[in-house]
Every structure is written in structure tokens, then in C-alpha cells.
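Participant: could you look at this predicted model? Sequence included:
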Number of protein chains: 2
Amino acid sequence: MAAKILDGKKIADDIKKSLKDEISALKNRGCIPGLTVVMIGANPASQIYVNMKNKAASELGINSATVNLPEDTSQSKLLGLIAALNEDRGIHGILVQLPLPPQIDEQVIITAIDPAKDVDGFHPVNRGKLVIGEETFVPCTPLGIQKLLIHSQIETSGKHVVIVGRSRIVGLPLATMLVQKNQGANSTVTVCHTGTSNLLHFTKQADILIAAMGKAEIITGDMIKDGVVVIDVGVNRIEDRSSDKGYRIVGDVEFDSVRKKASAITPVPGGVGPMTITMLIYNTVTSAKHFMRASSSTG
Amino acid sequence: MAAKILDGKKIADDIKKSLKDEISALKNRGCIPGLTVVMIGANPASQIYVNMKNKAASELGINSATVNLPEDTSQSKLLGLIAALNEDRGIHGILVQLPLPPQIDEQVIITAIDPAKDVDGFHPVNRGKLVIGEETFVPCTPLGIQKLLIHSQIETSGKHVVIVGRSRIVGLPLATMLVQKNQGANSTVTVCHTGTSNLLHFTKQADILIAAMGKAEIITGDMIKDGVVVIDVGVNRIEDRSSDKGYRIVGDVEFDSVRKKASAITPVPGGVGPMTITMLIYNTVTSAKHFMRASSSTG
């Protein structure tokens, strides 16, 4: 029996519907959620992401702007822009598209963003709050994965989640989230990575396997047990001469061999990706609600 | 063959020797590291810890003071004290002994401490930096465990570390540290907790087992594989009529059955405890060095 396909696009659409209602309610109270994406240079992959983010934002009727700065932008110029965005009362979410060119220190920039507008959840304060279990902006990909599991009614409590990949953007925050005593969490979590001696030993044990190493089709059918739930975070371009573009996009999971044994699997594209984009809007709406609440309680 | 005893007291003493040299060097440059411990009420367990902290501080010749405030101290009074300590140029480390009485919000207090003086490493900014892998104050118990492993020449890279316990003070930060690509780390890490369905399945796999659940003698010899390294973080009081005090202190590990199979084990007391206390001094000295460097570069 082939695995159930976890349709991230469909789930993201459902979440967007309820976000639309929340955005209408905010507008009725005079607040239009505002998101600004800052992009330095013209990385084509970043351009694709930024376009998708803007498309989702405008679909849902929130204010969304992209500031494009040249590749040779100085750090102080970018800091000046962020200071202005921090002050701007019409902006509730600020996202600086990574990676940044070498003359700019990524961490300095992330730390300069007002934590209350840090919809990427990368500011140290927000990362720290995540560890403590306080309400905060959760990075979009891990949040999208958790919501996808919850909406697909996949039990996480007491399950063994094996995360392959220790990135600061996906693997580490996701591990922190899934281990806590919350809904869509309370899992026993193992984090594997390039330093893991015997990857197979761990992937074979997973009840839920999260593939987030950014390497094409590394997880194969012989590495998993029957009935596992597989979440594929990878987005890799591989050569494909049969395609007009000369390439196609695949995940970190070899879909055909894995789906034969898994009970459920996210496709690439159409799995984690749409959830990530939607969580950016979700975080921006959450931020707008916080600002509304703060202004109505002080004024 | 019985396990090697990992003598935390001996290793802590070695670290203290090198700290002494660093403290002398700082004094020669006109800086005496200063630590202030704030204690609310008279919790007897806290009193014991605070006394041990002060003893270690004075042994090493750093300035150490304890501010004792009554059990009914208000949150705003405590915040006022912290603001004063933050400003005090003679103080490099501030530690508020937890737990706090119910009228005081722990998280508000921790967040009020200047992150540059947060030698407990509990401020959200410092927790966030730990996740990102930036230099920061690392909470004393996980730092002590990592140093104990390094000083005992126990290889962590590529090993499977199983942590039992997901506390914010030990389990979660330790998992974050050990999974990173650093010295004394690069391990495959599994975090187990009260929500874990089959604890035995995981403890049996551990190359290094960290017992940090705070329950007396839960880890027994039949739960581990031969040759495992066992780090016991527990400090539990159990009834013992043969003792004058009527109780004795045991760890989370049943020492006698585990030491028969383990290759190395920390005793309780005399294992992790002395390392924790020493790391507090270590963090305070590190802080003093930062402040020295900052003042010499600005003035």
C-alpha cells in the first residue's frame, strides 16, 4: 500500500482561509498587516522565494513590499534601513532574505531587527524564548512542519522523531519544539547530521522522519521502517535532460522507494514549501495582532 | 571490570587552578572579578547551593556577595536591585537563585539582568546565542558536563548521546550544545523525557547517557549497554535510617548496578556538582575579561 500524500498546498490553503478572516477583522479595526522583505543583490533562488512570499501576501490582502538593494550595499546602510523599518508603525513584519553578501555580518543584521517584528524568528531573543517555551515567533519552516503534522492528525506525542540535519533554520529549532510538552510535540527526538556515524541505525527507528540535510534523494526506502511518516524539507535541483529547463526539483528523500514503505509522505514540491510561505503570513498577522493589542491597551 | 569513576571534584580543582592564574592576571591589571548572588527567602536547598558558590568564589579570591531579601519581596523591589547591579562596574556576574516566590515572575527577572552579566546563561539572548553557536554564557551544569567529558578525554564526536530529561536548565541546553560541530560535541543526540514511550529502548543504545530527570536511582544496570559512559546529574534525598541525618543523597542512577556495566561514571556527590559550581566562577571570570577588554578598547 502506497503512502498517503501529505498535501502541504491544500493544508496551507485551509490555513490561508482562516488567516483571511483574521486579516478582515484587523482591517475592520483599522489595521492592515504589513510585511517588508529586504533583498540584497539578485540571487535567483532568493528571487523565487521572495516572489512567492509577495504573491501569498498580496493574495491575502496584507501590505507587502520588497526593498531591493544592490549587491555592494554596506552593512551600515542596511542597518539604517532596518532602523527605519523598526520605527515604521505600518510594518509588522521585517524579513531580510538570506544569504547576505560577505561585507555584511548576518548576525549583526538579524540582531538589529526589532524582535517584535522578527517574523522569521531568527533574533536571538526569539530563539531563546523558543527554548524556554515562551510565546514567540517560531521560524517558518519548523512551524510549518508542526502545523502540517497537526492538521494531518499525525500523533507526535510519545513518538520517536528522527531529524536528519542540524541547521539553525530547520533542524535545531524543530528539535527544540518537538521535544516540549505541547500539542504537536512531546516526542522523543533524535538529531542526526554529517557527524553521525551510522545514519541508517537511526533512520530505521524513526516513527516520524524529518529529512532536512539539503542533499538530493539521500533517504531511500531501505533506510526506513514500514509505516513511518516522512517529512521532506529538501529542495534540490538535479539535472534532467527530459525536462525543458534541463533540471527538476527533488527533495532529500527518494520519493518512489520511500513512498512504498511509508504510511505518509510530503511531496516536493507541494509539501513543506507552501506551509513555510504561509507561516510567514501567519507570523505577520500574529505580529499585527500584538501591535493592535499593545496600542489599544496603552492608548 | 568496574567503571572508571569520573572525579568531578578533581577536574574542578584542576580548572580552579587555571582560573586562579587568570584571576591573578586580572588583579594585576586592576580588575577583581565580582559576583553577586541574590537570594529571596530561606529555601534550605538554595541556601546550601549559595553557600557552596560563595565558598568557591572566596577560595579563588574573587569578590563575592550575597544579597538576602525576605520571602515577601516585591517584584519591583527585586527589579530595582537588579538595575543597580547592572550599573555597578565592580560586578561582572549576577545570579538570582531560583526558584522565586510566587509573587515574582521568574522570566521577568531573568530578562532584566544585563545579558553581559548573566553568568547563569538563562537570559533569552544568551540562550538564543547558544542555539546559533555564538559565544555566550553557557548554563553552568551543561557547561560543566561538557568540560568534564573533555577533561576526561571521552570522545563525543560521532557518539550517540542519550539525554534523559528536558529541563531548560540541563537537558535542552545540553542537547543544543552536544549536537553542534564543536570540540566536546558533534554527537548524535536523543532527548528522552516523561513522554517517552519506551525509555529502555533509548537508554540501551546510549554511548554516553546523561541522567537528568531528578528522580532517585531510576537508571539501573539492566537499562544500559556494556561500556557506556554515564553522567549522573541528579541530586535526590532519600530516607536512610542508618545515617545520622536520616537521609542520604543519591543521583538519578543506581550506582552499584550501573558501575558494573559502564566504562565510566560520575559519582553523586562529587561528579557533576563541583563542576557546576566551578563553571559559575568560570563564567564570572570570562565576564570580567570581557568588561576589561571593552573598557580598554573604549578608553
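Facilitator: Okay, I see it. Here the structure is a predicted model, which is why all the values come from computation and not from measurement.
Participant: and A:V38, that one's in a helix?
Facilitator: No. Read with DSSP: H, G, I helix; E, B strand; the rest coil, A:V38 is strand and lies in no helix.
Participant: partners of it in the sheet?
Facilitator: For A:V38, the beta-bridge partners under DSSP bridges are A:V67, A:V96.
Participant: so what's it up against?
Facilitator: Shown in contact with A:V38 (C-beta atoms under 8 Å, 6 or more residues apart in numbering or on different chains): A:T66, A:V67, A:L69, A:L78, A:L81, A:I82, A:L85, A:I94, A:L95, A:V96, A:Q97. (C-beta placed from N, C-alpha, C; glycine too.)
Participant: if we use 7 Å, what do you get?
Facilitator: A:V38 sits next to A:V67, A:L81, A:V96, A:Q97 when contact means C-beta atoms under 7 Å, 6 or more residues apart in numbering or on different chains.
Participant: TSV please, covering those residues and showing neighbour count and distance to A:A288.
Facilitator: Output for the contacts of A:V38, formatted as TSV (neighbours: other C-beta atoms under 10 Å in any protein chain shown; distance: C-beta to C-beta, whole Å):
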residue	neighbour count	distance to A:A288
A:V67	14	19
A:L81	19	21
A:V96	24	19
A:Q97	20	21
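Participant: which of these sits closest to chain B?
Facilitator: Closest to chain B out of the contacts of A:V38 is A:V96 (15.2 Å), distances taken as C-beta to the nearest C-beta.
Participant: looks like that closest one contacts A:V108 (just checking).
Facilitator: No. The criterion here is C-beta atoms under 7 Å, and A:V96 misses it with A:V108 at 10.9 Å.
Participant: now A:V164: phi and psi?
Facilitator: Dihedral angles phi and psi of A:V164 (degrees, to the nearest 10) take the values phi -100, psi 110.
Participant: what mean pLDDT does stretch A:5-14 get?
Facilitator: Stretch A:5-14 carries an average pLDDT of 98.
Participant: using PDB, write down the CA coordinates of it.
Facilitator: In PDB, the C-alpha atoms belonging to stretch A:5-14 read as follows (Å, rounded to 0.1, in the frame of the first residue of the first chain):
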ATOM      1  CA  ILE A   5       0.500  12.100   0.300                       C
ATOM      2  CA  LEU A   6       0.500  14.900   2.800                       C
ATOM      3  CA  ASP A   7      -0.700  17.800   0.600                       C
ATOM      4  CA  GLY A   8       1.000  20.800   2.000                       C
ATOM      5  CA  LYS A   9      -0.600  23.000  -0.600                       C
ATOM      6  CA  LYS A  10      -4.100  22.000   0.500                       C
ATOM      7  CA  ILE A  11      -3.400  22.400   4.200                       C
ATOM      8  CA  ALA A  12      -1.700  25.800   3.500                       C
ATOM      9  CA  ASP A  13      -4.800  26.900   1.600                       C
ATOM     10  CA  ASP A  14      -7.000  25.900   4.600                       C
END
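Participant: which other residues reach that stretch?
Facilitator: Applying C-beta under 7 Å, 6+ apart, the contact partners of stretch A:5-14 are A:148, A:151-152, A:264-267, A:270-275, A:278.
Participant: A:D105 reaches A:Q75, doesn't it?
Facilitator: Yes. Using C-beta under 7 Å, A:D105 makes contact with A:Q75 at a distance of 6.4 Å.
Participant: does the residue nearest to A:V162 when sequence neighbours are not counted count as helix, strand or coil?
Facilitator: Distance criterion C-beta to C-beta, 6 or more residues apart in numbering or on different chains; nearest residue to A:V162, sequence neighbours excluded, is A:A206 at 3.7 Å. Applying three-state DSSP to A:A206 yields a three-state assignment of coil.
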